[in-house]
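Asks: no sequence for this one, just the structure:
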């Protein structure tokens, strides 16, 4: 049973904001297709700007397009308590992944306004550009730039599959700002996200307190063989990259299972060339995703994959090249911020448990430069990166209430 409290968000307003934002860039099956720096992304940004300025906040936009909305505190010299996530989606994404975290920050500011609550530290709500990485690599692009992981010019030069340059596309939709990336310093950072997994719903837990984030490596592998006619080339002389690819996929699965517990591996992106029915694949390109909260295990998995790929390619007389195109080390979130979240959940009488995030989030990068923590709410059947992604209004409300009180504690 939820205990009474005199400070809570407007649940209906938050839900209405989520549903209104979901009308921009609708998918074909009830979700969203609002990929980064598209026209739809630009429209979503304009709506967020309007809502935030209506709430009395001022906006700055950095060179990577990240949007920073500030509610002033009583101490003009105090660093801001920051709440953020992202508005961009996967090509077949849901209505809540990332969006909940941004609009929860807006709702917190609206609630503080409603109740005429002043905080010592300013409150800053952030929409990070290109968290998903579905169009332009790397994922969590803008937060990585903020944390100094990548050079800004390198990120602005990133290309999508069609050869479009990220900086040009950002400028095209009118959201390339002038604020230097990383110039705004943070007191601390909170991010709310749907779990993207089944644990909280299955165990009927209200709040997930994210203590750690898994480390991640994206390894791009290029295989080079020989294109030949499928009907005239004997089996024993072929240099078939699709055959080697199939064995490497099995190797990835074997390595992940071998390194249990807390190890994951898969191949999600595959390109085979020339992709013709009667031509042996002379070239293949694919990406391996391996994850673990244990850095030693992550390195071990990568080394095992390199050795098995070497052996497979040698057997099939295939040449290969393997490069890391994205990733980050495992994350341990800030203990003080986590305690604020835990105490807030107790205040409302919500059930909670510590969990590890299996996905990458902007908070993972921000944690390298400012104290950070994450809150998660359940999602139906654990579905995410799927148009069928769904949460209940009460889950959005309870998790935002927890973040409201954690933010107030940090901002006092």
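Replies: Yep, it's here. Not measured: the values here are computed from a predicted model. Numbers count the residues shown, from 1 in each chain.

Asks: isn't residue 412 up against residue 119?
Replies: Yes - here residue 412 lies in contact with residue 119, judged by C-beta atoms under 8 Å, at a distance of 6.3 Å. Just so you know, the C-beta spots here come from the backbone N, C-alpha and C atoms, and that holds for glycine as well.

Asks: who's more crowded, the two?
Replies: Each of residue 412 and residue 119 has its neighbours counted (other C-beta atoms under 10 Å); residue 119 has more, 21 against 12.

Asks: which residue ranges form the strands in the stretch 301-412 of the chain?
Replies: 319-328, 331-332, 352-357, 372-377 (DSSP state E, counting those that start in this stretch).

Asks: and the longest one, what does it pack against?
Replies: Under the contact definition 3 or more C-beta pairs under 8 Å, 6 or more residues apart in numbering; DSSP states H and E, strand 319-328 sits against strand 215-224, helix 295-315.

Asks: which residues does the longest one contact?
Replies: The one in question is helix 295-315. Helix 295-315 is contacted by residues 215, 217, 219, 221, 223, 244, 247-248, 251-252, 254-256, 258-259, 262-263, 265, 288, 290-292, 318-320, 322, 329-330 when judged by C-beta atoms under 8 Å, 6 or more residues apart in numbering.

Asks: may I see the PyMOL selection of the buried members of those?
Replies: Selecting the buried subset of the contacts of helix 295-315 in PyMOL, with 16 or more other C-beta atoms under 10 Å as the burial test, is done by:
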select buried, resi 215+217+219+221+223+244+248+251+252+255+256+259+262+263+265+288+290+291+292+318+320+329+330
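
Asks: strands of the stretch 151-300 of the chain, residue ranges please.
Replies: Under DSSP E, counting those that start in this stretch, the stretch 151-300 of the chain gives strands at 188-194, 207-213, 215-224, 264-273, 283-292.

Asks: can you check which of those gets nearest to residue 178?
Replies: Of all the strands of the stretch 151-300 of the chain, strand 188-194 sits nearest to residue 178, with 22.8 Å by C-beta to C-beta.

Asks: and the helix or strand where residue 16 lies, how far out from the chain's middle?
Replies: Following DSSP states H and E, one finds residue 16 within helix 11-21. Relative to the centre of its chain, helix 11-21 is centred 21 Å away, using C-alpha atoms, centre = their mean, to the nearest Å.

Asks: mind giving me the packing neighbours of that helix?
Replies: helix 39-54, helix 99-114, helix 393-411.

Asks: got the end-to-end distance for stretch 108-128?
Replies: Terminal residues of stretch 108-128 are spaced 18 Å apart (C-alpha to C-alpha, to the nearest Å).

Asks: avg pLDDT for it?
Replies: Across stretch 108-128, pLDDT averages out at 98.

Asks: list the buried residues for it?
Replies: In stretch 108-128, counting by 16+ other C-beta under 10 Å, buried: 108-112, 119, 121-128.
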